[in-house]
Structures are given as C-alpha cells and as structure tokens.
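> from the sequence below, what's the structure:
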Amino acid sequence: MTGLSLCWAALLTVSALNLSAQENIQSSPAPAEENTSSSAPAEENTSSSAPAKENTQSSGAPAKEDKRILWFFTNHRTTGDPEEEAAALTPRGKFKIAWDDATDRAIFLQTAFLSGIGQANDSNPSFGQGVAGYARRFGTTYADFAVENITTEGIFPTLFRQDPRYFRRSNGTTRSRLAYAMSRLFITRGDSGGSQFNYSEVVGAATSVAISNAYYPDGRTVGNNITRYGEQLAFDAASNVLKEFWPSLKRKLPRKLRGSEEQ
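Below you'll find the predicted structure:
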C-alpha cells in the first residue's frame, strides 16, 4: 500500500466520529423537554412506555450484519453477539472469514482505487507506467490486502487460538466506543473466552509486510518496512472504528448510499 492508506484511515475515523457525534447531539435534548412538560402525568406515562417497547424489540436477536460497508469495505468479521456468549470459532471458521474478506468484490474496488492513485503518483517507479505498470500496482496492492487477511484472520488466529472477529460494543459514550474499537488492535478474545494480547494482528501484519518485500523492489529498506507496517495498523484501527459506528452511520445515510448488501 502507498502512503494514501494512512490518509484513508484518518478519513474513515473522522467520518465515523463526526456522524456519531451528530447523532448523540440530536438525541440528548429529549430528557429536558420531558421534564418541562410534567403537568400531564397520565399522558406522559403512557407515551413514555413506547420507548420501552422499542427497547424490548431491539434487544432480541441481533440484526444480521452487512457484508459490505458503503459497497467499498468488507465487513465479514464483525458480529453484534455479546463477546462473553459467543462460541469459539473452529479453524475452518477462521479461514472462512479470511477467505471471504480476501475475495470480496469490495477488496477489488479498493485495490483498483489505490492502484490508480499509485499510478498517478508514480509510486514504485520500477513498475513503470501504462497498462503494465497499473497491472503491477494492482497485483501488489491486492496481495497486500489478501496476505494480511489470510495471516491476521486465518493463520495466526489458528496458531495462537485467538478469535479474529470484531465484537461490536454498540453502547456507551462515543469516546469509550472509540477507545474500545482502537484497542482491539492490541486486545482480542481468545478461544477460551478471555482477553489476550492480539498476537494475531501484530504478528500477522508484520508477517505480511515481510512477505511484501518479495514484490516491492523499490521498498525493501527498514524505513520502508516500518512505514508499511504503520500504515497497515492505522488502516486496521480505522476499519475497527468504522465497524463499531456503522449502524449509527447507516441510519444517517440515504438508502442508496448505505451499500448494505447481504450477499
């Protein structure tokens, strides 16, 4: 990936926080209005029961997760199930998540976009320009995505017996949910159910960067590797933030922009 990945990660984070903050601001004045109109207790008591019904309806079976966010980002490893109640994944289940993320059509959209930016900026000059240069950039960018997905969601979660899923919290303040989402970069759920250091992410991302030296002839220095490693971690952290706040963001978007395909 190019340096654009870091900017892209920042854009995702800012967008998620901005829209979530707007939702919190809009929902906060409601209690003040109820207190000022306390002169009709009978009517308010009947009306206040409506939210309770909504809560009981929404607290049932978790909604089915969208497989894509905005048509552009994969979302195969997110779950709304409570972390403490989720059954451990089998190795086959872990590799299925990795495979689905690595082969989803959204990955190819991201790859095409980032490859075009790399072509325009002439990143990795040895790739050249024209169709051949773009094809090389497309292949290497896709390899970045695919290899990291396989290592961080399939291979190392199986070896370290860790769960590659992102367990959405969905409650709490915006700040606490943001901290939770970003902390999942270094904390994950073990197959035994307890919290563990996220070796799968940290070691898996480092492994994918090491492998990328095989196909990035212009970026094999220590500095290049550290930069790519930092970009991958930043992108994954921003991706967690987007996954955490997606239900709130989705409600703010026009139906045509939601990109909530189930298949």
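> in the stretch 51-200 of the chain, which spans are strands?
Taking DSSP state E, counting those that start in this stretch, the strands of the stretch 51-200 of the chain run over residues 68-69, 73-74, 78-79, 166-167, 187-189, 195-197.
> can you redo the ones you listed as a markdown table with mean neighbour count, mean pLDDT and distance to residue 85?
Placement of C-beta: from N, CA and C, glycine included. Listed next are these as a markdown table, based on neighbours: other C-beta atoms under 10 Å; pLDDT from 0 to 100; distance: least, C-beta to C-beta, whole Å:
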| stretch | mean neighbour count | mean pLDDT | distance to residue 85 |
| --- | --- | --- | --- |
| strand 68-69 | 21 | 84 | 24 |
| strand 73-74 | 22 | 88 | 25 |
| strand 78-79 | 18 | 90 | 11 |
| strand 166-167 | 21 | 94 | 10 |
| strand 187-189 | 20 | 96 | 11 |
| strand 195-197 | 14 | 96 | 15 |
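> distance to residue 204 added to those strands, as TSV?
Below are the strands of the stretch 51-200 of the chain laid out as TSV (distance: least, C-beta to C-beta, whole Å):
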stretch	distance to residue 204
strand 68-69	22
strand 73-74	16
strand 78-79	18
strand 166-167	15
strand 187-189	11
strand 195-197	13
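> among those, which is nearest residue 92?
Proximity to residue 92 (C-beta to C-beta) singles out strand 78-79 among those, at 16.8 Å.
> can you tell me which helices and strands the closest one packs against?
Strand 78-79 sits against strand 166-167, with contacts defined as 3 or more C-beta pairs under 8 Å, 6 or more residues apart in numbering; DSSP states H and E.
> tell me which of the strands of the stretch 51-200 of the chain sits nearest to residue 254.
For the strands of the stretch 51-200 of the chain, proximity to residue 254 was assessed by C-beta to C-beta; strand 68-69 is nearest, at 14.9 Å.
> for the residue lying closest to residue 142 once chain neighbours are set aside, give its distance to residue 88.
Setting aside the residues directly before and after it, residue 142 is nearest to residue 111 in space (C-beta to C-beta, 6 or more residues apart in numbering), at 4.5 Å. Distance of residue 111 to residue 88, given as C-beta to C-beta, to the nearest Å: 32 Å.
> of these two, which one has the most company?
residue 111 (21 against 14; other C-beta atoms under 10 Å).
> ok, which stretches of the stretch 51-200 of the chain are helices?
Listed in chain order, the helices of the stretch 51-200 of the chain (DSSP state H, counting those that start in this stretch) span 91-103, 105-121, 130-150, 156-160, 174-183, 199-212.
> out of those helices, nearest to residue 71?
Nearest of those to residue 71, taken as C-beta to C-beta: helix 105-121 at 6.5 Å.
> for the closest one, the distance to its chain's centre please.
18 Å (C-alpha atoms, centre = their mean, to the nearest Å).
> stretch 98-114 now?
Centre-to-centre, stretch 98-114 and its host chain are 13 Å apart (C-alpha atoms, centre = their mean).
> before we move on, what about stretch 142-159?
Remark: stretch 142-159 is offset 15 Å from the chain centroid, using C-alpha atoms, centre = their mean.
> likewise for stretch 237-250?
Distance, stretch centre to chain centre, for stretch 237-250: 6 Å (C-alpha atoms, centre = their mean).
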